[in-house]
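Novice: here you go, sequence then predicted model.
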Amino acid sequence: AVAEAVDLVRAGSGSLTLISVGAPPMIWPSAYTITVPESELEQAAQTVVDEAAAAVPDEISVSKLVRIGRPADEIVTAAKEQHHDLIVMGARGRGAATSLLLGSVSHAVLNQSPAAVLIVHEDSR
(Lines give C-alpha, C1' and ligand atoms only; values in the text may rest on other atoms or scores of the structure.)
Protein backbone atom coordinates (compact mmCIF):
# COMPACT_ATOMS: atom_id res chain seq x y z
CA ALA A 1 0.00 0.00 0.00
CA VAL A 2 2.89 2.38 0.75
CA ALA A 3 4.41 1.82 -2.70
CA GLU A 4 1.05 2.52 -4.35
CA ALA A 5 0.56 5.68 -2.27
CA VAL A 6 4.05 6.87 -3.21
CA ASP A 7 3.24 6.32 -6.91
CA LEU A 8 0.04 8.35 -6.55
CA VAL A 9 1.83 11.23 -4.83
CA ARG A 10 4.48 11.23 -7.55
CA ALA A 11 1.79 11.30 -10.26
CA GLY A 12 0.11 14.35 -8.74
CA SER A 13 1.09 16.88 -6.19
CA GLY A 14 0.42 16.19 -2.60
CA SER A 15 1.74 14.74 0.56
CA LEU A 16 1.50 11.48 2.40
CA THR A 17 0.25 10.79 5.92
CA LEU A 18 1.11 7.37 7.29
CA ILE A 19 -1.08 6.07 10.10
CA SER A 20 -0.68 3.04 12.30
CA VAL A 21 -3.19 2.11 14.97
CA GLY A 22 -2.29 0.10 18.05
CA ALA A 23 -5.33 -2.09 18.56
CA PRO A 24 -6.07 -3.70 21.91
CA PRO A 25 -6.58 -7.45 21.50
CA MET A 26 -10.16 -8.54 20.97
CA ILE A 27 -11.11 -11.75 22.72
CA TRP A 28 -14.32 -13.61 23.26
CA PRO A 29 -15.77 -13.16 26.75
CA SER A 30 -14.11 -15.60 29.13
CA ALA A 31 -12.73 -15.93 32.61
CA TYR A 32 -9.30 -14.93 31.30
CA THR A 33 -8.53 -11.37 30.33
CA ILE A 34 -5.62 -10.23 28.24
CA THR A 35 -4.41 -6.72 28.77
CA VAL A 36 -1.72 -5.00 26.79
CA PRO A 37 -0.41 -1.73 28.17
CA GLU A 38 -1.23 1.26 25.97
CA SER A 39 2.48 2.12 25.86
CA GLU A 40 3.22 -1.25 24.20
CA LEU A 41 0.44 -0.72 21.66
CA GLU A 42 1.79 2.74 20.90
CA GLN A 43 5.36 1.48 20.57
CA ALA A 44 4.30 -1.28 18.16
CA ALA A 45 2.27 1.17 16.06
CA GLN A 46 5.20 3.62 16.03
CA THR A 47 7.50 0.87 14.76
CA VAL A 48 5.11 0.09 11.89
CA VAL A 49 4.76 3.73 10.86
CA ASP A 50 8.52 4.32 11.12
CA GLU A 51 9.25 1.31 8.89
CA ALA A 52 6.70 2.53 6.34
CA ALA A 53 8.20 6.03 6.40
CA ALA A 54 11.64 4.57 5.70
CA ALA A 55 10.25 3.24 2.40
CA VAL A 56 9.11 6.70 1.26
CA PRO A 57 11.56 8.58 -0.98
CA ASP A 58 13.05 11.77 0.44
CA GLU A 59 11.40 14.03 -2.14
CA ILE A 60 7.91 13.13 -0.88
CA SER A 61 6.48 15.07 2.05
CA VAL A 62 5.40 12.60 4.70
CA SER A 63 3.91 12.88 8.16
CA LYS A 64 3.36 10.09 10.65
CA LEU A 65 0.35 9.50 12.86
CA VAL A 66 0.02 6.92 15.64
CA ARG A 67 -3.27 6.22 17.37
CA ILE A 68 -4.66 3.67 19.81
CA GLY A 69 -8.08 2.11 19.39
CA ARG A 70 -10.18 0.32 16.81
CA PRO A 71 -8.21 0.65 13.56
CA ALA A 72 -11.11 1.42 11.22
CA ASP A 73 -12.56 4.04 13.56
CA GLU A 74 -9.21 5.73 14.07
CA ILE A 75 -8.40 5.78 10.34
CA VAL A 76 -11.79 7.27 9.46
CA THR A 77 -11.55 9.83 12.28
CA ALA A 78 -8.09 10.91 11.11
CA ALA A 79 -9.32 11.25 7.53
CA LYS A 80 -12.17 13.48 8.71
CA GLU A 81 -10.04 15.59 11.05
CA GLN A 82 -7.27 16.18 8.52
CA HIS A 83 -9.54 16.44 5.46
CA HIS A 84 -7.74 13.73 3.48
CA ASP A 85 -9.03 13.13 -0.02
CA LEU A 86 -7.79 9.54 -0.42
CA ILE A 87 -7.05 6.62 1.87
CA VAL A 88 -4.73 3.97 0.49
CA MET A 89 -4.60 0.83 2.58
CA GLY A 90 -3.55 -2.77 2.35
CA ALA A 91 -5.82 -5.77 2.71
CA ARG A 92 -4.91 -9.25 3.84
CA GLY A 93 -7.62 -10.94 1.78
CA ARG A 94 -8.78 -13.25 4.54
CA GLY A 95 -11.97 -14.26 2.77
CA ALA A 96 -15.64 -13.84 3.60
CA ALA A 97 -15.92 -16.34 6.46
CA THR A 98 -12.88 -15.10 8.38
CA SER A 99 -13.81 -11.47 7.83
CA LEU A 100 -17.29 -12.19 9.15
CA LEU A 101 -15.85 -13.55 12.40
CA LEU A 102 -12.90 -11.19 12.84
CA GLY A 103 -14.13 -8.13 11.00
CA SER A 104 -12.31 -6.39 8.20
CA VAL A 105 -10.61 -3.06 8.75
CA SER A 106 -10.52 -2.28 5.03
CA HIS A 107 -14.22 -3.12 4.65
CA ALA A 108 -15.19 -0.92 7.59
CA VAL A 109 -13.06 1.99 6.33
CA LEU A 110 -14.52 1.61 2.85
CA ASN A 111 -18.05 1.88 4.25
CA GLN A 112 -17.42 4.73 6.72
CA SER A 113 -14.83 6.93 5.04
CA PRO A 114 -15.57 10.49 3.97
CA ALA A 115 -12.76 10.15 1.40
CA ALA A 116 -12.17 7.82 -1.52
CA VAL A 117 -10.55 4.51 -0.50
CA LEU A 118 -8.06 2.50 -2.54
CA ILE A 119 -7.50 -1.02 -1.20
CA VAL A 120 -4.27 -2.63 -2.35
CA HIS A 121 -3.90 -6.38 -2.09
CA GLU A 122 -0.46 -7.67 -1.21
CA ASP A 123 0.05 -9.52 -4.49
CA SER A 124 -1.25 -6.71 -6.76
CA ARG A 125 2.17 -5.11 -7.47
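Specialist: Structure received.

Novice: and after the lowest-mean-pLDDT helix or strand in the chain, which helix or strand comes next?
Specialist: Lowest on mean pLDDT, DSSP states H and E among the helices and strands of the chain sits helix 96-102, with a mean of 50. Remark: after helix 96-102, the chain's next helix or strand is helix 105-112, criterion DSSP states H and E.

Novice: mind listing what whichever helix or strand comes after that next one pairs with, with the direction of each?
Specialist: With elements assigned by DSSP H and E, the helix or strand that comes after helix 105-112 is strand 116-121. Strand 116-121 pairs in its sheet with strand 86-91 (parallel), by DSSP bridges.

Novice: list the buried residues in the partner strand.
Specialist: 87-89, 91 (16 or more other CB atoms under 10 Å). All C-beta atoms are positioned from the backbone trio N, CA, C, and that covers glycine.

Novice: next, Arg67: secondary structure please.
Specialist: Per DSSP: H, G, I helix; E, B strand; the rest coil, the secondary structure class of Arg67 is strand.

Novice: quick one: contacts for it?
Specialist: For Arg67, the contact set (CB atoms under 8 Å, 6 or more residues apart in numbering) comprises 19-22, 45, 74, 77-78.

Novice: which of these lies closest to Ala11?
Specialist: Ile19 (21.2 Å; CB to CB).

Novice: quick one: the nearest residue in space to that closest one that is not next to it in sequence from Val117, how far?
Specialist: Closest residue to Ile19 apart from its sequence neighbours, by CB to CB, 6 or more residues apart in numbering: Leu65 at 4.4 Å. Using CB to CB, to the nearest Å, Leu65 is found at 17 Å from Val117.

Novice: with Val88 instead?
Specialist: From Val88 to Val117 the distance is 8 Å (CB to CB).

Novice: coming back round to it: how many neighbours does the residue nearest to Ile19 have?
Specialist: Leu65 is flanked by 16 other residues according to other CB atoms under 10 Å.

Novice: list the contacts for it?
Specialist: Here Leu65 is in contact with 17-20, 49, 78 (CB under 8 Å, 6+ apart).

Novice: of the residues you listed, which belong to helices?
Specialist: 49, 78 (DSSP state H).
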